[in-house]
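Student: Model the following, please.
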Amino acid sequence: MAKVLNRVKSTNDLELKDRLVAINRVTKVTKGGRTFSFAAIVVVGNEDGIVGWGLGKASEVTTAIAKGAEAAKKNLIRIPIHKGTIPHEQEAKFGGAEIILKPAYHGTGVKAGGAMRAVLESVGITDVLAKSKGSSNPHNLVKATIEALSELRSPAMVAKNRGISVEKVFNG
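Tutor: All right, here's what the predicted structure looks like:
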């Protein structure tokens, strides 16, 4: 999934904001009746290129959200953002969910829905066009979005790999 190079080492100095993506109530049927518990998907980010997601399960909603936020803080990755948008077009698939992310001009806004919007806003992307195809399952959409974002390459990284200057990357 996410490359080891993109991992964030420490979370002590980061101002992370958490966003609740989805809550799912699950039921376990036992001899004594039904037992309800909750599963919460949480995305955390500093709105400046760092994002992570987590899943928390507990018998109460607030506890599940807190556990999800703690899990999300443990797998943060760094995303290259170029002038408020992504550096290039990217596609990803996880399970039955397929997504497409395209860079957009300043002022376009985040054209994405549901789970994808929460992830993109947590990263700090202000202008992007996004499309999801296939499954609308929030679990798979979050994972596919994180997968696509982790595969992005910054202009500086592309220039270094090609052995040219950053200006030549944009001017051809």
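
Student: Next, the contact list for residue 92, please.
Tutor: Taking CB atoms under 8 Å, 6 or more residues apart in numbering, we find residue 92 in contact with 98, 99, 144, 145, 147, 148, 151. Bear in mind the C-beta positions are built from the backbone N, C-alpha and C, glycine included.

Student: my bad, should have said residue 161
Tutor: Contact partners of residue 161, counting by CB under 8 Å, 6+ apart, are residue 153.

Student: That one - that's part of a strand, no?
Tutor: No. Using DSSP: H, G, I helix; E, B strand; the rest coil, the assignment for residue 161 is helix, not a strand.

Student: how about the helices in the protein?
Tutor: Assigned by DSSP state H, the chain shows helices spanning 61-73, 114-123, 138-150, 155-162, 166-171.

Student: now for those helices, which one comes closest to residue 29?
Tutor: Among the helices of the chain, the nearest to residue 29 by CB to CB is helix 61-73 (19.8 Å).

Student: among the helices of the chain, which gets the worst mean confidence?
Tutor: Ranked by mean pLDDT, these bottom out at helix 166-171, with a mean of 73.
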